[in-house]
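**Q** pasted the sequence and its predicted model underneath.
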Amino acid sequence: MSVDKATVARIAHLARIGVNEDELEPLAAELSGILNWIEQLNEVDTDAVPPMASVHDEALRWRADVINDGGKQADIVANAPDGRDGFFAVPKVIE
């Protein structure tokens, strides 16, 4: 499939992209190349290829679904500029 300058100008107008007149010809050649590559991909027979979600055929490791607090409260509050009683202390904000 070949794309001409008029088609590129129309695509640019529809996409609300400002394209100069001297850029239309290189863009037309580039878009034609992309569409030719897609046509080549359509020629590949993929009927025997099963659909997949990943290239790795591995199952994910499961972990126990346990609710906990993480045990990191002291470490987290230690990084606070002002921590009191295990919480972040912030200045009072009144509007």
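**A** Structure received.
**Q** helix or strand: which one has residue 26?
**A** helix 21-42 (DSSP states H and E).
**Q** quick one: the helices in this protein?
**A** 5-14, 21-42, 73-78 (DSSP state H).
**Q** where among the ones you listed is the average confidence lowest?
**A** Of all these, mean pLDDT reaches its minimum on helix 73-78 (a mean of 88).
**Q** in that helix, what counts as buried?
**A** Going by neighbour count (16 or more other C-beta atoms under 10 Å), the buried part of helix 73-78 is residue 77. All C-beta atoms are positioned from the backbone trio N, CA, C, and that covers glycine.
**Q** same check on stretch 28-36?
**A** For stretch 28-36, by 16+ other C-beta under 10 Å, it's 28, 31-32.
**Q** show me how far that stretch is from its chain's centre.
**A** 24 Å (C-alpha atoms, centre = their mean, to the nearest Å).
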